[in-house]
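*Asks:* Task: produce atomic coordinates for the following.
(one chain, ligands or ions: 1)
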Amino acid sequence: MTPETPSSSGSDTSRPPVKSAEERLMVAVRIRPLKNDESQRVLYARDKKTVIVEDGDKNDPCRQKKLYDKQYTYDVVFGENSSQEEVYDITTSNLVKDVLNGYNGTVFAYGATGAGKTHTMVGDSNHPGIMVRALNDIFEAVRDKEEEYSVTMSYLELYNENIRDLLNPSLGYLELREDSRGRNIQVAGLSEISTTSTDEVMQLLQKGNKARTVEPTALNQTSSRSHALLSVTVRHTVPLNKTDHLRMRIKQGRLFMIDLAGSERANKTKNRGKRLQEGAHINRSLLALGNCINALAGGARYVNYRDSKLTRLLKDALSGNCKTVMIAHVSPSSNQKDESRNTLIYADRANNISTKVERNVLDVSYQVTQYQTVVNELRAEISRLQNKMKEERPRSADIKRMNAEERSQEVRNLREQIVDTFKTQMKLRRKLMEIDAHLLGLGMEAERQHLIISHWESRNNKLYKNNVNASRAQTQQTIRQVKIKLYVIADGFRSAGNEEDASFDVDSDDPEGESAVQQAWGELADIEREQERWTELRGHIELKLEACRQRGVTLEDKLPSLLSSDDEREILALICRVHELEADKMALQSERLVRQHELKRRDLLILRYDRQRQLCEEIITRQRQLIEELKVKLPSDLQELYQMYQQEIHAATYTDFNPPSTASTNQDKLPPISKIYSDPLFRRSMTSDASNSPPSSSESGGEDTGPKESNVDRVMGHIVTRPGAGMRLPPLPPSPPHRLSRSRDSGHTMRRAISEDRIAETAGP
Ligand SMILES: Nc1ncnc2c1ncn2[C@@H]1O[C@H](COP(=O)(O)OP(=O)(O)OP(=O)(O)O)[C@@H](O)[C@H]1O
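*Replies:* Numbers count the residues shown, from 1 in each chain. Got it, this is the predicted structure:
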């Protein structure tokens, strides 16, 4: 992952600057219009950054002088007349651009019930909200670039602390999982739907919104009783550079759009029973969110995200690798003054939060980075050991009682154990690097198969799902349907009396695509099995490494009780030396790897260059053959060019000059055109292609020009020698892009190539 400074998402520049890779959470406030049944307005936008809340008795002269008015300042304030477009443009459109560039982003709507959150996030068909607009912009940006981009989405609701899949509610409640360190939070079994069609996405969004738990309350006829989280992931895969299409750079950005349930007061909503219970859950999770915001804003070292699923899900958005925008919603009505004030205070606190934003970029040729990481770790360990050597630690009294023999035996034992532990650690580290490289290759290959399937499915109007089993079944069903449809058409065609013509093959609609997609499913299943195996193996190795590290720590801790300070220093110096040697070895290997990559790239370039030259030769020879056959009179400049070319070819053939290809042998050298042309094999392939062309003079029994001067040479005139004439080939045809091939067996080959490469590269000398 490469940390990079993101572009600004529109923050107020008057605020204190944040560290380069830190981004302050952007806080916007939106005031919804006063409703007809709400009489008194006590809250308004003074300008684009300030909200005023009026206070005091209406008849109080001080109030009339606005002495009690409270003023709150934010990054941006949207007044009652603000449009959906304006809100989207200012708060979210930059996030969308950043997500397309590989950053994570979150926009969430906060506020009391009925304050306008769902209106902003979802909206309606006439006033589409942020979710619709963001999805539209993402699809607009990746349109026609299906090869490079993959977009997936998921939509969940958090209702009474239970997670439901809004795109597939029948799945029931889903589990929230995280690793032991509380990182990597995931919802198990959540549908991740991949599609490239805006229409399909809009239908899915509508379907999800319909599935959301909405109930009327006294304050809002369509009150959302749940938090809704829409996530869109954009993955952009591009070759690392124009000449090397085998190494890819993957940028992955994720946009979370969240419509929170509204905070509420039981006496105002007049909720009873189930509604009251819902309100309690909503308030509890929002309270947990408020606590996190307070802790983060106050710079606390420990923030408790574990109090609710909402805060666990929002952890990254609040403190992790994410650009975040909070849109606080308030009502201008006097009835909701307290709720609005609370929201404004919350939003004010959130103004102080910043997140550490990094672009999620992964270079597939990252073994070099892996080596460098280990080298850095080793160097850090060296400086730690060096510091330790300076420490004077209390010794055990037993040490003094040992005789010289016993002491040296103890030193030997410990030295051996520590060095052994270190060697095992290094072995395990290398093994992990190897496994990671292999898993990366598998991941890339899986991505490629997913793309093949999703393209096929979207071509056949099916939504592609990462839920593999469902999608596999769906694909097979589609294939069956396509076949049935074709049978019906074929039958209809036959019964209309077209027996003879009705011979088209029912499987021929897209037989290649169909078998490719079946093949892709097979590949994917293999890859997944392999991924599981390797991930499991990785887990074992990690455990072993951790145990080995612990052994090292225990041995080190034992030193003061067994050795004198001098003996301990001697051992620490030795461990330092071993670390240094290993770090140097790793650094050398990393350099070697860089050189290997350079050489591979050069070889690839040379191969392409050779191929281009061969093609040029073929094109020119064929053109010359046609010119001869059609008896076209050559313009003098072209004739001259041909002569120069001819001369170059002869020169290349009869001198010791070797083309830059290491693979080329003398036999591979381009023969003079006359030789190619007079080669019977070449002539056969040419004439069989152009059977309508008039026969060449030799074939039609014309004069044989003999081996010294072919027909072509005769047409072009005799070879001229022009000292110093440079090579002037016709412009090269553009070289075909060397993308990952999609041929039938390419999956296996590619995967094997990647893994063999990786293992060879990481295996060390
Ligand atoms: N900016 C706005 N312009 C026009 N109408 C709005 C605006 N904001 C909210 N409304 C209307 O106010 C009502 C309540 O809004 P909405 O349902 O979005 O509130 P909410 O904050 O999501 O409430 P809850 O938390 O109870 O779900 C809706 O009828 C909505 O159409």
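
*Asks:* residue contacts, residue 311?
*Replies:* In this structure, residue 311 makes contact with 285, 288, 289, 292, 304, 305, 318, judged by Cβ atoms under 8 Å, 6 or more residues apart in numbering. Where you see a C-beta, it was placed from the backbone N, CA and C, and this is true even at glycine.

*Asks:* Give me the three-state assignment for the fifth one.
*Replies:* What it means is residue 304. Secondary structure state of residue 304, per DSSP: H, G, I helix; E, B strand; the rest coil, is coil.

*Asks:* ok so, going back, and the contacts of residue 311, which are buried?
*Replies:* With neighbours counted by 16 or more other Cβ atoms under 10 Å, those contain buried members at 285, 288, 289, 292, 305, 318.

*Asks:* List just the nearest of those to the ligand.
*Replies:* Ranking those by separation from the ligand, with Cβ to the nearest ligand atom as the measure, puts residue 285 on top at 12.9 Å.

*Asks:* Looks to me like that closest one is in a strand.
*Replies:* No: applying three-state DSSP, one finds residue 285 to be helix, outside a strand.

*Asks:* List the residues that contact it.
*Replies:* With contacts defined as Cβ under 8 Å, 6+ apart, the neighbours of residue 285 are 158, 161, 227, 308, 309, 310, 311.

*Asks:* Restricted to strands, list those residues.
*Replies:* In strands, judged by DSSP state E, the following of these are found: 158, 227.

*Asks:* What's the PyMOL syntax to select whichever of the contacts of residue 285 are buried?
*Replies:* Buried residues among those (16+ other Cβ under 10 Å), as a PyMOL selection:
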select buried, resi 158+227+308+309+310+311
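
*Asks:* Restricted to helices, list the contacts of residue 285.
*Replies:* Of the contacts of residue 285, the ones assigned to helices by DSSP state H are 309, 310, 311.

*Asks:* And those, which is closest to the ligand?
*Replies:* Nearest to the ligand among the ones in helices among the contacts of residue 285, counting by Cβ to the nearest ligand atom, is residue 310 at 13.9 Å.

*Asks:* so what pLDDT did the closest one get?
*Replies:* According to the prediction, residue 310 has pLDDT 89.

*Asks:* now residue 169
*Replies:* Predicted confidence (pLDDT) for residue 169: 85.

*Asks:* Make 49 the first number, not 1, from now on.
*Replies:* With the count now opening at 49, the last piece we talked about shows up as residue 217.

*Asks:* There's contact between it and residue 259 in this structure, I believe.
*Replies:* Yes: using Cβ atoms under 8 Å, residue 217 is in contact with residue 259, at 4.7 Å.

*Asks:* Would you state the predicted confidence (pLDDT) at residue 327?
*Replies:* Reading off the confidence values, residue 327 has pLDDT 63.

*Asks:* got any ranges where the stretch 49-198 of the chain has weak pLDDT?
*Replies:* By pLDDT under 70, the low-scoring segments of the stretch 49-198 of the chain are 49-70, 104-116, 194-195.

*Asks:* Now for the nearest residue to residue 351 once chain neighbours are set aside, how many residues are close by?
*Replies:* Spatial nearest neighbour of residue 351, chain neighbours left out: residue 343 (4.4 Å); criterion: Cβ to Cβ, 6 or more residues apart in numbering. Close neighbours of residue 343, defined as other Cβ atoms under 10 Å, add up to 19.

*Asks:* Residue 343 is in what secondary structure piece?
*Replies:* Of the helices and strands defined by DSSP states H and E, residue 343 is found in helix 321-345.

*Asks:* Show me what from the stretch 149-298 of the chain comes close to the ligand.
*Replies:* Within the stretch 149-298 of the chain, the positions lying close to the ligand (Cβ under 6 Å from any ligand atom) are 159, 161, 162, 163, 164, 165, 166, 167, 268, 270, 271, 272.

*Asks:* rerun that using 5 Å as the cut-off
*Replies:* When proximity is defined as Cβ under 5 Å from any ligand atom, the stretch 149-298 of the chain approaches the ligand at 161, 162, 163, 164, 165, 166, 167, 268, 271, 272.

*Asks:* Now render these as JSON lines, adding neighbour count and distance to residue 616.
*Replies:* As requested, these are arranged in JSON lines below (neighbours: other Cβ atoms under 10 Å; distance: Cβ to Cβ, whole Å):
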{"residue": "161", "neighbour count": "26", "distance to residue 616": "66"}
{"residue": "162", "neighbour count": "26", "distance to residue 616": "70"}
{"residue": "163", "neighbour count": "28", "distance to residue 616": "66"}
{"residue": "164", "neighbour count": "22", "distance to residue 616": "68"}
{"residue": "165", "neighbour count": "27", "distance to residue 616": "63"}
{"residue": "166", "neighbour count": "25", "distance to residue 616": "66"}
{"residue": "167", "neighbour count": "20", "distance to residue 616": "69"}
{"residue": "268", "neighbour count": "19", "distance to residue 616": "71"}
{"residue": "271", "neighbour count": "24", "distance to residue 616": "69"}
{"residue": "272", "neighbour count": "24", "distance to residue 616": "65"}
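
*Asks:* now these as CSV including distance to residue 202 and secondary structure?
*Replies:* Rendered in CSV, the data for these read as follows (distance: Cβ to Cβ, whole Å; DSSP: H, G, I helix; E, B strand; the rest coil):
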residue, distance to residue 202, secondary structure
161, 26, coil
162, 28, coil
163, 26, coil
164, 25, coil
165, 20, helix
166, 19, helix
167, 23, helix
268, 26, coil
271, 24, strand
272, 18, strand
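
*Asks:* what's the closest of these to residue 83?
*Replies:* When those are compared for distance to residue 83 (Cβ to Cβ), residue 162 comes out closest, at 8.9 Å.

*Asks:* Dihedrals phi and psi, that closest one?
*Replies:* Main-chain torsions, residue 162, degrees, to the nearest 10: phi 80, psi 10.
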